[in-house]
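S.K.: Fold the following and give me the result.
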Amino acid sequence: MTISVTTRQVVGPQDAARRDTQGLRDGFLIEDLFRPGAINLTYSHLDRMIVGGIAPVSGTLIIDRVAETGTDRFLERREAAIVNIGGPGTVTAGGTDHPLGYEEALYVGMGEGALGFSSADPAEPALFYLLSAPAHRSCPTVRITRDMAKKVRTGSAEESNARTIQQYVHPEVCESCQLLLGITMFEPGSVWNTMPAHVHDRRMEVYLYFGMQEATRIFHFMGEPGETRHLVLKNHDAVLSPGWSIHSGAGTGRYSFIWAMAGDNMSFTDMDKVPMDALR
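M.R.: Numbering: from 1, shown residues only. Okay, the predicted model is just below:
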């Protein structure tokens with residue numbers, strides 16, 4: 001079994017401002033995450049976050065050793081969070097099987113050994129989205145259902161951004177070393193996310209857009225507030241967001257996104273808001 005790993009170096013704000021469309025996509029966009037029967041990882045030098053897509057069809061896919069981490073075992077000095085956005089499946093961690101349905105998550109603490117991924121039905125395979133960051137302490141492994149997530153309603157229909165932020169890996173739901181993760185869901189007719197925009201230089205973020213029709217597109221905005229750029233994304237595209245960059249967008253149709261963060265602190269509200277008149 002082959003684990004495909006792509007490495008992304010850090011892109012600075014001055015470099016990003018000079019890049020053309022393809023250059024921005026090369027630096028920040030992660031495509032083709034879910035390849036049937038494969039493990040596809042991207043190792044980012046932004047807080048050493050690993051972003052992965054695991055799509056088991058028949059049999060079990062295993063992550064045990066990833067050479068890019070420099071350790072004997074993948075979770076030897078890391079923690080991970082896994083969200084299933086496909087059919088029913090199972091994640092095995094620390095020798096224990098954890099069944100995951102749609103939009104259910106598993107937090108896996110440091111030192112839990114190999115991870116196994118399988119689908120309950122090859123005709124409706126699971127799609128496991130994985131985020132992993134370095135850790136300095138071990139926290140208990142926890143299966144997180146949608147009912148367990150802390151829900152925060154924000155925005156309004158008048159502003160086209162009525163949405164519910166569902167916090168899964170969050171201090172009030174599940175203890176972790178430095179990972180935070182959740183899913184943002186939109187009300188019908190609302191298309192704008194994370195606007196007004198903000199930055200948080202103390203941590204990076206990753207968005208995975210999902211739940212979209214084939215023709216739906218997201219116009220994802222990034223860059224320093226006074227030097228913004230955009231990327232056009234489709235279903236199951238992920239985008240890396242450095243601490244200096246805004247991360248907001250608008251969709252041509254219904255969508256959801258998974259957000260995950262790693263960095264210096266665990267405060268979800270630690271952000272530097274950007275006034276609308278500062279955006280360029």
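
S.K.: F28: how many residues sit nearby?
M.R.: F28 is flanked by 26 other residues according to other Cβ atoms under 10 Å. Just so you know, the C-beta spots here come from the backbone N, C-alpha and C atoms, and that holds for glycine as well.

S.K.: With Q22 as the reference, measure out to it.
M.R.: Counting by Cβ to Cβ, to the nearest Å, the gap from F28 to Q22 is 11 Å.

S.K.: how much space between the nearest residue to D272 once chain neighbours are set aside and D72?
M.R.: Using Cβ to Cβ, 6 or more residues apart in numbering and skipping residues adjacent in sequence, the residue nearest D272 is V199, 5.2 Å away. Taking Cβ to Cβ as the measure, V199 and D72 are separated by 37 Å.

S.K.: Neighbour count for those two, which is higher?
M.R.: More crowded of V199 and D72, by other Cβ under 10 Å: V199, with 19 against 8.

S.K.: got the contact list for that one?
M.R.: Contact partners of V199, counting by Cβ atoms under 8 Å, 6 or more residues apart in numbering, are 225, 243-246, 271-272, 274.

S.K.: circling back to that earlier point, what distance do you get for the residue nearest to D272 to G116?
M.R.: In terms of Cβ to Cβ, V199 sits 37 Å off from G116.

S.K.: Dihedrals phi and psi, the residue nearest to D272?
M.R.: Phi and psi for V199, reported as degrees, to the nearest 10, are phi -130, psi 160.

S.K.: try G27
M.R.: Dihedral angles (degrees, to the nearest 10) for G27: phi -90, psi -30.

S.K.: what's the answer for M276, then?
M.R.: Dihedral pair for M276: phi -60, psi -40, per degrees, to the nearest 10.

S.K.: Without its sequence neighbours, what residue ends up closest to I183?
M.R.: Nearest non-adjacent residue to I183, counting by Cβ to Cβ, 6+ apart: Q166, 4.7 Å away.

S.K.: looking at this, the one you found is in a helix?
M.R.: No. In this structure, Q166 is strand, not part of a helix, as judged by DSSP: H, G, I helix; E, B strand; the rest coil.

S.K.: elements contacting the helix or strand containing G52?
M.R.: Assigned by DSSP states H and E, G52 belongs to strand 50-54. Strand 50-54 sits against strand 39-44, strand 60-63, strand 128-134, with contacts defined as 3 or more Cβ pairs under 8 Å, 6 or more residues apart in numbering; DSSP states H and E.
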